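J.: A structural model of the following input is requested.
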Amino acid sequence: MTFEKKQYDGEYEVCGIDIDVKGELFNGVLYYPPTSFNKPYPIVIYFHSFPFTQSLQEIVRNYRYILDMGYALIVFNFRGYGYSQGRISIESQVLDAKMVLNFVKQMFPHNIFDQDNINILAHDFGAYIALLLCSKERIINKLVLLTPILDVKRHVYDDEFLKVLYYMNRFYPGHMRGIEDVDNFVKIAKKELSKKAFQIEKAIQKLKVNKIRVIIGDSDKITPLSEVNEILKYSNIEPELIFIEGMDHEIMSEEDSEKINEYIKEFF
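T.: Sure, this is the predicted structure:
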């Protein structure tokens, strides 16, 4: 999708994306690399975390170096987050991920994106969604899982998760839709996780991506390294595991951010 008149953010051409899923719109932005790079562009699609409170433009700024490497970049809100319509669920996020991928595929005949170089950078819960997607779609070249949440079932059945939801309702009212009724939200999540289509232990055995890199802190309390090793040992594709000493689940220090960016650059 492009505007009739090109729009720019600095040196980068940018356009908005609105995708309709069952009458509900979710939105994103597509940034092109500088004009010194030629089409078709390799592309990175960013899958965000739960919760997600940053602006799309802020995410683009954080990963501007990906554009400067010659990649296009898509950043979007899953349904239920930010200005996107709908309500949060595992099922809706998997479907949204497929729809974004379909959008990219539609650009192939126009020679905009390199169909052999479609990649995903997935953060936190976005990593779970990315793995489910990559168990169904064969088009993804490289996948980065950044401080991933892998054992969603463990969290959903933990009373601490309820406290997190109550906290988000209090401090981010209306920002994420579908979590207002905490008990019902958890009930729906448990029902979804009972389906094989949404179980990580099933997805991890039939991944169709070419390469996977996991970047995580060795002090991550949300997803301990032991949990990562236990789940990923069943993967049909051996992922490359990189851990950052002293880093927790939240990326707080500038030094850790710089390390992460170098590992992402190196991989792409």
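J.: check contacts around residue 245.
T.: Contact analysis of residue 245 by Cβ atoms under 8 Å, 6 or more residues apart in numbering lists 217-218. C-beta coordinates here come from the backbone N, C-alpha and C atoms, glycine included.
J.: kindly report the same for the one 5 residues further on.
T.: By Cβ under 8 Å, 6+ apart, residue 250 lies in contact with residue 147.
J.: check residue 216 too.
T.: So residue 216 contacts 145-148, 223, 225, 228, 241-244, 247 (Cβ under 8 Å, 6+ apart).
J.: inside helices: which ones of the residues you listed?
T.: The members of these that map onto helices under DSSP state H are 225, 228.
J.: and the contacts of residue 216 as CSV, adding neighbour count and distance to residue 90?
T.: Listed next are those as CSV, based on neighbours: other Cβ atoms under 10 Å; distance: Cβ to Cβ, whole Å:
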residue, neighbour count, distance to residue 90
145, 28, 17
146, 21, 19
147, 23, 19
148, 29, 15
223, 23, 17
225, 15, 24
228, 20, 20
241, 15, 25
242, 15, 27
243, 15, 27
244, 20, 28
247, 22, 27
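J.: now, which of the contacts of residue 216 lie within strands?
T.: Among the contacts of residue 216, the members found in strands (DSSP state E) are 145-146, 241-244.
J.: show me the helices in the protein, by range?
T.: Using DSSP H, helices in the chain cover 56-62, 64-68, 90-106, 125-134, 152-156, 159-171, 182-193, 200-203, 225-232, 254-267.
J.: pipe those helices into JSON lines and attach distance to residue 13 and mean pLDDT per row.
T.: Below are those laid out as JSON lines (distance: least, Cβ to Cβ, whole Å; pLDDT from 0 to 100):
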{"stretch": "helix 56-62", "distance to residue 13": "12", "mean pLDDT": "95"}
{"stretch": "helix 64-68", "distance to residue 13": "10", "mean pLDDT": "98"}
{"stretch": "helix 90-106", "distance to residue 13": "16", "mean pLDDT": "97"}
{"stretch": "helix 125-134", "distance to residue 13": "25", "mean pLDDT": "98"}
{"stretch": "helix 152-156", "distance to residue 13": "37", "mean pLDDT": "96"}
{"stretch": "helix 159-171", "distance to residue 13": "35", "mean pLDDT": "90"}
{"stretch": "helix 182-193", "distance to residue 13": "38", "mean pLDDT": "96"}
{"stretch": "helix 200-203", "distance to residue 13": "35", "mean pLDDT": "96"}
{"stretch": "helix 225-232", "distance to residue 13": "38", "mean pLDDT": "94"}
{"stretch": "helix 254-267", "distance to residue 13": "22", "mean pLDDT": "97"}
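J.: please name the nearest non-neighbouring residue to residue 99.
T.: residue 19 (5.1 Å; Cβ to Cβ, 6 or more residues apart in numbering).
J.: now do the one you found, the pLDDT please.
T.: Residue 19 is assigned a predicted lDDT (pLDDT) of 96.
J.: surely it meets residue 100?
T.: Yes - assessed by Cβ atoms under 8 Å, residue 19 is found in contact with residue 100 at 6.9 Å.
J.: pick the most deeply packed of the helices of the chain.
T.: Across the helices of the chain, averaging neighbours per residue (mean count of other Cβ atoms under 10 Å) puts helix 125-134 on top, at a mean of 25.
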